[in-house]
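Undergrad: quick one: sequence plus predicted model below, questions after.
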Amino acid sequence: MSVLSARPAFRWAIPVAVIAVVLTAGIAGRALTADADPSLPPRTAAELLVDLQTSAVTGLSGTVVQRADLGLPELPVSLGGQGSSEFAALVTGTHTLRVWYAGEQRQRIALLGTLGESDLVRNGRDVWTWSSSSNEATHLLLPATDPESEQPLPTDLPTTPQEAADAAVAAIEPSTAVSTDGTAVVAGRPAYELVLRPKTGESLVGQVRIAIDAEQKVPLRVRVYAADATRPAVEIGFTQVSFEMPGDEHFDFKPPLDATVTEATPDDLPADATEQQAPTMVGAGWTAVLVTDAPDLTASNEETSEVDAILGALPRVSGSWGSGWLLESALFSLLVTDDGRLLVGAVDADRLFEVVSG
């Protein structure tokens, strides 16, 4: 299924994307000096935050390894389990991606799986998605005057360390303690370690560690730890990176002659998409809960059948608010109610029950 189509706000991908949102909990501006390696000059936490926001890399390419150990049930490969080359697979197991970036209008991400490869390619107004396992491609021509065409191609999940770090520091509030923790070597490059910790003990997130390239000032690795954990629940980082401008050949995508090609438009949304409730955030910072519409399981198609099968494997819960299905993991909890609501946040189930009852 094309990532350009409107996907239901479920799947394992959505909770992880929401965690990226709640990681926008703010940072209290404590200027702590990095215990830097002698080969690197000391940098304060505040200076590193400025580095993240002011880096001006115009081109890069590299290999990214992403690992997710959220305590989720193992999905079959066909539904996005480990070994799948579909982007939904990024929420569990270990995966390898290749990335190329040559400015806001030329980008490519390739997810490599045992069953093939999936690509997202933007070259100016042309946007392609490609799945080698199904031999299907989707082409979208962005409007020449559409302001959104000047923005990077959105995806369900952060697919580079830069995206993950941007999500973590997008909104600064006094709910987060920020510090530095020496230096590291990532993809053969020296980097500073920036550490974000929620000040509240009510979040399932313990800390976020961002390794920032000492020269280019961009994130090379992001690790997210559950509370009291010593191993990251989510890690995404470069194993090889080059800051040279990628060649045009990486963005000039042409599907195979025998591929099934679908032409899409920016208005290619389900008929009922405009009728859905706009997502809302209850609370702020690390304990925020996203509330939105659950997928419509009354429709009969491949996607709703997959969601229905996943829901059937989850425990049933009930309360004064009604009843539904509950998913709990190391970093987030998710509740789908029988009356069609979906709640998710980096909090325990009791917090979701509190929100849904309100």
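TA: Received it, and whenever you're ready, just let me know what you need.
Undergrad: mind checking the SS state of the closest residue to residue 278 other than its chain neighbours?
TA: Excluding the flanking residues, the one nearest residue 278 by C-beta to C-beta, 6 or more residues apart in numbering is residue 292, at 7.8 Å. Every residue, glycine included, has its C-beta placed from N, CA and C. What DSSP: H, G, I helix; E, B strand; the rest coil gives for residue 292 is strand.
Undergrad: look up how far residue 203 lies from residue 292.
TA: Here residue 292 is placed at a distance of 20 Å from residue 203 (C-beta to C-beta, to the nearest Å).
Undergrad: of the two, which one has the most company?
TA: residue 203 (28 against 19; other C-beta atoms under 10 Å).
Undergrad: where does the spatially closest residue to the more buried one that is not a sequence neighbour land in three-state SS?
TA: Among residues not flanking residue 203 along the chain, residue 286 sits closest, at 3.7 Å (C-beta to C-beta, 6+ apart). Put simply, residue 286 is helix when judged by three-state DSSP.
Undergrad: distance of residue 286 relative to residue 128?
TA: From residue 286 to residue 128 the distance is 37 Å (C-beta to C-beta).
Undergrad: who's more crowded, the two?
TA: residue 286 (27 against 20).
Undergrad: now do that one, the pLDDT please.
TA: In this model, residue 286 is scored at 90, pLDDT.
Undergrad: tally of neighbours for residue 42?
TA: Residue 42: 12 neighbours (other C-beta under 10 Å).
Undergrad: please read the previous query as pertaining to residue 69.
TA: 18.
Undergrad: so what's it closest to, chain neighbours aside?
TA: In space, residue 69 is closest to residue 233, 5.6 Å off (C-beta to C-beta, 6+ apart).
Undergrad: what about the helices in the stretch 201-350 of the chain?
TA: 302-312, 349-357 (DSSP state H, counting those that start in this stretch).
Undergrad: I would like the residues contacting the shortest one, please.
TA: Among residues not part of helix 349-357, those counted as contacts by C-beta atoms under 8 Å, 6 or more residues apart in numbering are 202, 282-283, 287, 289, 291, 317, 319-322, 326, 328, 333-335, 337, 341, 343-345.
Undergrad: pLDDT score for the residue nearest to residue 345 when sequence neighbours are not counted?
TA: Distances taken as C-beta to C-beta, 6+ apart place residue 289 nearest to residue 345, at 3.8 Å, with adjacent residues excluded. Looking at residue 289, its pLDDT is 94.
Undergrad: distance check, residue 289 against residue 204.
TA: Distance from residue 289 to residue 204, by C-beta to C-beta: 12 Å.
Undergrad: please enumerate the shared neighbours of the two.
TA: residue 347.
Undergrad: which one is residue 107 nearest to, not counting chain neighbours?
TA: That would be residue 122: by C-beta to C-beta, 6+ apart, it lies 4.9 Å from residue 107.
Undergrad: how close does the one you found get to residue 253?
TA: 9 Å.
Undergrad: before we move on, back to that, around the residue nearest to residue 345, count how many other residues there are.
TA: 22.
Undergrad: understood, closing this out.
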